[in-house]
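>>> got a predicted structure plus its sequence, pasted below:
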Amino acid sequence: MKYIKALIKEGKPEEAILLLEQLVKKGTKNDEVYYQLGNAYRKLNNVRLALNNYLEAIHLNPDSPAKEAHDMLIEIMDFYNKDMYNQ
């Protein structure tokens, strides 16, 4: 997991996603895997997939750091005003 975190931090979320998806396909049910998937998708600005993975991590472990990441991302999306960009 340390290597995957480093990939995300170094701006290589696509590589991290490939490795994490392999773990998911193998049947890994670990909140950390889904939390890191959420982080990787957030780096790619894919909010929908980031939130979905955070929710899965929270489902597996309600005390996961994904809870805070999820709530922060929701706050950002609530703040975002699309009308300002359509003028």
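Yep, that arrived.
>>> so what pLDDT did the residue positioned nearest the centre of the chain get?
Taking Cα atoms, centre = their mean as the criterion, residue 38 is the residue nearest the geometric centre of the chain, at 0.9 Å. pLDDT recorded at residue 38 is 97.
>>> try the one 10 residues further on
On pLDDT, residue 48 comes in at 94.
>>> was I right to think the residue nearest to the centre of the chain contacts residue 50?
Yes: shown here, residue 38 and residue 50 form a contact pair, counting by Cβ atoms under 8 Å, at 4.6 Å. Bear in mind the C-beta positions are built from the backbone N, C-alpha and C, glycine included.
>>> joint contacts of the two?
Common contacts of residue 38 and residue 50 (Cβ atoms under 8 Å, 6 or more residues apart in numbering): residue 69.
>>> thinking again about what came up before, from residue 60, how far off is the residue nearest to the centre of the chain?
Distance from residue 38 to residue 60, counting by Cβ to Cβ, to the nearest Å: 12 Å.
>>> got it, and residue 19?
19 Å.
>>> over to residue 47?
For residue 47 relative to residue 60 (Cβ to Cβ), the value is 21 Å.
>>> next: residue 39.
Residue 39 is 16 Å from residue 60, where distance means Cβ to Cβ.
>>> show me which of these two is the more surrounded one.
residue 39 (22 against 16; other Cβ atoms under 10 Å).
>>> show me what contacts the more buried one?
8, 13, 50, 69.
>>> for the helix or strand where residue 71 lies, give the mean pLDDT please.
Using DSSP states H and E, residue 71 falls within helix 66-79. Confidence for helix 66-79, expressed as mean pLDDT, is 91.
>>> which other helices and strands does it contact?
helix 31-43, helix 47-60 (3 or more Cβ pairs under 8 Å, 6 or more residues apart in numbering; DSSP states H and E).
>>> buried residues in the longest one?
I take that to be helix 47-60. Neighbour counts over helix 47-60 (16 or more other Cβ atoms under 10 Å) mark 47, 50, 51, 52, 53, 54, 56, 57, 58, 60 as buried.
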